[in-house]
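Asker: compute the structure for the input listed below.
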Amino acid sequence: MLYTGDNNSTWKYWRWWNWPVEAPVMLWNESSLPYSGSVSINMTVKGQHDDPGSLLSLFRRLSDQRGKERSLLHGDFHPLPSSSGLFSYIRHWDQNERFLVVLNFGDMGLTARLGASDLPSIPSLPGKADLLLSTQSGREEGASLELENLKLDPHEGLLLRFPYVA
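Answerer: Predicted coordinates:
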């Protein structure tokens, strides 16, 4: 959860989720800390503003896509069978494009085996999907990726798009 520090009513949920009461807040600039100490400039919004590889940039790109795509905003959520360390799911809404999210939570590179399939009660997966964004640099956005042997770097997340097929 990313907390920007603007909504005090969310604090009551931190205990419910068993998160620390002193949850991290958004560091807008070096003076945002309530205590003295050094803060690296790349830990602040100011420092990440122009860095295309920053967490802030990723958050903005994801938010932008969510605002544009009904499937990401309102869509049904269907988790897919995955191997240990991987989590993947489909988001779809009506006859709009479908989205596949694949997350590697592990410390090692992993291969997701998500080839074309017809899964009961959820949209079937195609053999390929287009890369919308990755948490790692070096992947070409818009590239068509084979889902049967999809290799993910450690801690990598992918957002892929594929068309609705009647």
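Asker: just how off-centre is stretch 89-108 within its chain?
Answerer: In this view, stretch 89-108 has its centroid 9 Å away from the chain centroid, taken as CA atoms, centre = their mean, to the nearest Å.
Asker: for stretch 83-90, same thing?
Answerer: Distance, centroid of stretch 83-90 to centroid of chain: 12 Å (CA atoms, centre = their mean).
Asker: export that stretch to CSV, keeping only CA atoms.
Answerer: C-alpha atoms of stretch 83-90 as CSV (Å, rounded to 0.1, in the frame of the first residue of the first chain):
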residue,chain,number,x,y,z
SER,A,83,4.4,-22.0,-9.5
SER,A,84,5.9,-21.0,-6.2
GLY,A,85,7.2,-17.5,-6.1
LEU,A,86,4.9,-16.4,-9.0
PHE,A,87,1.5,-14.8,-8.8
SER,A,88,-0.5,-14.1,-12.0
TYR,A,89,-4.0,-13.0,-12.7
ILE,A,90,-6.3,-11.8,-15.5
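Asker: check what contacts the helix ranked longest in the chain and list those residues.
Answerer: The single longest helix within the chain, with elements called by DSSP state H, is helix 55-68. With CB atoms under 8 Å, 6 or more residues apart in numbering as the contact definition, helix 55-68 has outside contacts at 2, 45, 48, 49, 51, 72, 73, 132, 133, 135, 159. Yep, even glycine has a C-beta here, placed from its N, CA and C like the rest.
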